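**Q** pasting the structure only:
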């Protein structure tokens, strides 16, 4: 039996390939092949046509080989659309097969052609092999490489413990610290989660993670990739002193209408997408948690508190209209909402500690964004992107008898970016942003004058009540320029300048940024970056009555250096070092509420060793050493930052046993977080409650944290759709990680408060 050369090349001798070939040859033994029947009255040529598809997802396979078994000359290939046409010489019984590089073979299909037959239609469905997984690391969306980590959404979908949410898996990357298991928002390189900028498709978003840390606000299947800029980022990024998380959402599919449905342990989501016509396509995704549908409320009689589990929902939509070969118009929409509530009894332990918490409390926050973007390629070297957008955010809170907060704001923005070559070797980016914020403020709350970072005794019950109703209009402008100057072979200098101003704090910043990239060899890259950055203080620090409108913005200076090297067999490693010097941190003041009264600095080294999925094994090892400290200017007191975790180690690996079965494991370890100890009581508050006697700020640490998460994925591919089931064990060996301490009424005794116990989780995804 002879086979066409295309089939001889198939499967490359892998263990899965050998098993596939054995099954394939076994099927041939039982194929009821009959000789081709010749008939003088039969047509001279019979056409068999069809399409070669990826099994389970209905995307086409180009350059697939379609052939008749036992006849090397009856052979053809599929075109770019997966279509093929095979000409057969005469009626009879044929065994046809299809193969393609990176796909496992299927059983031959038996085709019987009668004498009067004019032709036949036949489709083939091939299953991807594990040699060529759809894991793509794409770093070309932004050519800057200083201080950047690029990760695809597919790489993070199967990280254990993340419930299939790629953005939640950010916690497993180097330099990322988190407060506890209930928080997914990352603290990166010595700064708070609120010091980061969250951007999707070049536009700011309200927030990235739902409360409780259960998931991000984006459907997992829409995340194409994201770039993390840990410091010294170039001038087109928004003004923050922490890091930039730049998410890219993929385009809607254009080949057919499809959908994806997911039911998991915590919620359900759906994605609908497809073409409208040859030039237009869309997607629409939505999700809702159902904790509140399964359990209305939970009561803790010992503590005297009743609470309703967090509720959340989100949505995303994109409409793409390809106006021409050079211009694309996109309509964007996204939004999310989170809420929860609780009630405290007047005879509870919590009521003894904070009487203002007695009664009903509720919290809700949401955002809704709409935008239109026009991207135009003017010629081979020049392109332009214009974005007009609006985002509305709101926060509504009632906290017992402490008061209420109702704040909403509308943010209108215009963003313009223009890329062009200045001269040979110079690639220039010019950009400008114009924005306006209209804020409606209605506050009636106790003003405790507390940042939570630099003060220990923040007693809400004895704080004075204050109120404010106001409408604010704040206008601002950004302008920036960046030049990628290829000044020598393998050397690129990236100077940049950013100008920012606003009419509320009346600050103007002209900040230089500088990057240097040296391709030492084809496999080795060295980078160096420096930049000055600033950030608006939190809104409650700068409003009238409750804050100080005369505050300065927080400032920082970043210095980063790194080396990255590509190795064989899909291995690579990257080592980054950094130093951050930060000024004008906000501290409490009894006279003007808040002042710029603290400084800080952070430094560290991060190692990432990564294995892309070229074979069965993929994943990475991340190791971070860092320190982050703060200093109060008035007293000279120095102390560790709340998120200071000197050692962080994460191992995350996936082993794919077959193309449809894989096991993932993630082990996370970090130094215990700092906390401020309490040594009994020190007198009483004005209402007679014991006053805690605080020790030095953040002078003690919680026990070191470690946790193992496991995940098992199994795909059930059918011809035109597939079903994925997964099972997770969170905290698989049930380690009791301490989140903090709960003190008795006079602060003479305490009990540890533990984080997540062993939790099983599961999910079912159907992809049509």
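**A** Structure received. Here the structure is a predicted model, which is why all the values come from computation and not from measurement. Numbering: from 1, shown residues only.
**Q** Stretch 214-230: which residues count as buried?
**A** By neighbour count with 16 or more other CB atoms under 10 Å, stretch 214-230 contains the buried residues 214-230. C-beta here means a position set from N, CA and C on the backbone, and glycine is covered the same way.
**Q** Which phi and psi values does residue 351 adopt?
**A** Here the main-chain torsion angles of residue 351 (degrees, to the nearest 10) amount to phi -60, psi -30.
**Q** Quick check: it vs residue 740, distance?
**A** Here the criterion is CB to CB, to the nearest Å. By it, residue 351 lies 20 Å from residue 740.
**Q** Looking at these two, which one has more neighbours?
**A** It is residue 351, of residue 351 and residue 740, that has more neighbours when counted by other CB atoms under 10 Å, with 19 against 15.
**Q** is it true that the more buried one touches residue 400?
**A** No - under the criterion of CB atoms under 8 Å, residue 351 lies out of contact with residue 400, with a separation of 9.1 Å.
**Q** joint contacts of these two?
**A** For the pair residue 351 and residue 400, residues contacting each of them under the criterion CB atoms under 8 Å, 6 or more residues apart in numbering are 344, 357, 358.
**Q** and the nearest residue to the second one once chain neighbours are set aside, how many neighbours does it have?
**A** If I follow you right, that is residue 357. By the measure of CB to CB, 6 or more residues apart in numbering, the closest residue to residue 357 outside its immediate chain neighbours is residue 400, 4.3 Å from it. By other CB under 10 Å, the residues close to residue 400 number 20.
**Q** Need phi/psi at residue 400.
**A** phi 50, psi -130.
**Q** what sits against it?
**A** By CB under 8 Å, 6+ apart, the residues touching residue 400 are 344, 356, 357, 358, 359, 360, 361.
**Q** do residue 216 as well
**A** Contact partners of residue 216, counting by CB under 8 Å, 6+ apart, are 165, 166, 167, 168, 184, 208, 209, 210.
**Q** Please apply the same query to residue 585.
**A** Applying CB under 8 Å, 6+ apart, one finds that residue 585 lies in contact with 453, 454, 554, 596, 597, 598, 599, 600, 630.
**Q** could you redo the last one with a cut-off of 6 Å?
**A** The neighbours of residue 585, taking CB atoms under 6 Å, 6 or more residues apart in numbering as the test, are 598, 600.
**Q** Roughly how far does residue 463 sit from residue 550?
**A** When CB to CB is applied, the distance between residue 463 and residue 550 equals 22 Å.
**Q** again with residue 111
**A** Going from residue 111 to residue 550 by CB to CB gives 83 Å.
**Q** These two: which has the busier surroundings?
**A** Just comparing residue 111 and residue 550: by other CB under 10 Å the higher neighbour count belongs to residue 111, 18 against 12.
**Q** which residues sit against stretch 52-69?
**A** The set of residues external to stretch 52-69 that reach it, using CB under 6 Å, 6+ apart, is 4, 6, 74-78, 80-82, 84, 86, 94-100, 108, 124-127, 717, 720, 722.
**Q** would you list every one of the strands in the stretch 251-400 of the chain?
**A** For the stretch 251-400 of the chain, the strands identified by DSSP state E, counting those that start in this stretch occupy 258-264, 267-275, 280-289, 298-300, 305-322, 327-344, 359-377, 383-399, in order along the chain.
**Q** Save those strands as a markdown table, and put in mean pLDDT too.
**A** Rendered in a markdown table, the data for those read as follows (pLDDT from 0 to 100):
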| stretch | mean pLDDT |
| --- | --- |
| strand 258-264 | 91 |
| strand 267-275 | 95 |
| strand 280-289 | 96 |
| strand 298-300 | 81 |
| strand 305-322 | 92 |
| strand 327-344 | 95 |
| strand 359-377 | 96 |
| strand 383-399 | 97 |
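**Q** how about those in a markdown table, adding distance to residue 748 and mean neighbour count?
**A** Compiled in a markdown table, the strands of the stretch 251-400 of the chain are given as follows (distance: least, CB to CB, whole Å; neighbours: other CB atoms under 10 Å):
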| stretch | distance to residue 748 | mean neighbour count |
| --- | --- | --- |
| strand 258-264 | 44 | 18 |
| strand 267-275 | 43 | 19 |
| strand 280-289 | 40 | 20 |
| strand 298-300 | 23 | 12 |
| strand 305-322 | 23 | 19 |
| strand 327-344 | 23 | 19 |
| strand 359-377 | 28 | 17 |
| strand 383-399 | 28 | 17 |
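**Q** Those strands into TSV, with extra columns for distance to residue 644?
**A** TSV is the format used below for the strands of the stretch 251-400 of the chain (distance: least, CB to CB, whole Å):
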stretch	distance to residue 644
strand 258-264	34
strand 267-275	33
strand 280-289	32
strand 298-300	32
strand 305-322	28
strand 327-344	28
strand 359-377	28
strand 383-399	29
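**Q** Which of those sits closest to residue 751?
**A** With respect to residue 751, and counting by CB to CB, the nearest of the strands of the stretch 251-400 of the chain is strand 298-300 at 13.8 Å.
**Q** Quickly run through the sheet partners of the closest one, with directions.
**A** Strand partners for strand 298-300, identified by DSSP bridges, are recorded as strand 305-322 (antiparallel).
**Q** Tell me which of the buried residues of stretch 214-230 fall in strands.
**A** Assigned to strands by DSSP state E, the following of these qualify: 223, 224, 225, 226, 227, 228, 229.
**Q** what pLDDT does the residue lying closest to residue 550 once chain neighbours are set aside get?
**A** The shortest distance from residue 550 to any residue that is not its chain neighbour, by CB to CB, 6+ apart, is 7.5 Å, and that residue is residue 592. According to the per-residue confidence, residue 592 scores 95 in pLDDT.
**Q** what's residue 592 sitting at in phi/psi?
**A** According to degrees, to the nearest 10, the main-chain angles of residue 592 amount to phi -120, psi 20.
**Q** my guess is it meets residue 548, correct?
**A** Yes - under the criterion of CB atoms under 6 Å, residue 592 makes contact with residue 548 at 4.9 Å.
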